[in-house]
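Student: Need a 3D model of the following:
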Amino acid sequence: MKALLLAALAAVLCVERAHTLVCFSCSDASSNWGCLKPVTCGENENYCVTTYVGVGLGGKSGQSISKGCSPICPSAGINVGIAAASVYCCDSFLCNISGSSSVKASYTVLALGILVSFFYILRARE
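Tutor: I've put the predicted structure just below:
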């Protein structure tokens with residue numbers, strides 16, 4: 001019985017990955033609805049990546065979403081009030097379905113940034 005278990009364990013450890021990763025893919029989409037196309041990743045691509053960039057100033061705002069496969073996991077993010085950018089990665093079947101990651105432009109910080117800009121402009125005129 002031990003020999004059979006060892007043989008089974010050796011077989012499992014030596015078998016290559018039976019399935020390939022499938023991720024959602026898009027490039028510079030303005031909403032997540034444009035990012036629902038599944039693609040099969042290459043042999044060395046082990047991560048699904050979502051890149052989100054959002055900008056808001058006054059009443060105008062915009063965002064760009066890109067998704068795809070990647071051989072590395074470049075998880076990062078920045079939020080400076082009027083702009084936010086993030087890169088999120090995961091490693092399971094169609095795991096990058098979300099249109100935005102944890103970083104989003106904060107309306108409070110946006111308003112504060114605009115208010116500070118007005119004070120700076122008024123002060124520069126004096």
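
Student: Show the subsequent helix or strand relative to the helix or strand of the chain with the lowest mean pLDDT.
Tutor: The helix or strand of the chain with the lowest confidence, counting by mean pLDDT, DSSP states H and E, is helix 2-14 at a mean of 45. As assigned by DSSP states H and E, the chain's next helix or strand after helix 2-14 is strand 22-29.

Student: Do a quick rundown of the strands in the chain.
Tutor: Listed in chain order, the strands found in the chain under DSSP state E are 22-29, 37-40, 47-57, 60-70, 76-79, 83-90.

Student: what's the least confident stretch among those?
Tutor: Lowest mean pLDDT of these: strand 76-79, a mean of 77.

Student: Output the strands of the chain in a markdown table; the columns should cover distance to Ser98 and mean neighbour count.
Tutor: Bear in mind the C-beta positions are built from the backbone N, C-alpha and C, glycine included. A markdown table is the format used below for these (distance: least, Cβ to Cβ, whole Å; neighbours: other Cβ atoms under 10 Å):
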| stretch | distance to Ser98 | mean neighbour count |
| --- | --- | --- |
| strand 22-29 | 9 | 18 |
| strand 37-40 | 15 | 12 |
| strand 47-57 | 7 | 21 |
| strand 60-70 | 10 | 17 |
| strand 76-79 | 14 | 13 |
| strand 83-90 | 8 | 20 |
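
Student: Spit out the contact partners of Cys35.
Tutor: Phe24, Ser25, Cys26, Ala29, Ile65, Lys67, Gly99 (Cβ atoms under 8 Å, 6 or more residues apart in numbering).

Student: how does it look with 10 Å?
Tutor: Going by Cβ atoms under 10 Å, 6 or more residues apart in numbering, Cys35 touches 24-27, 29, 50, 65-68, 96-99.
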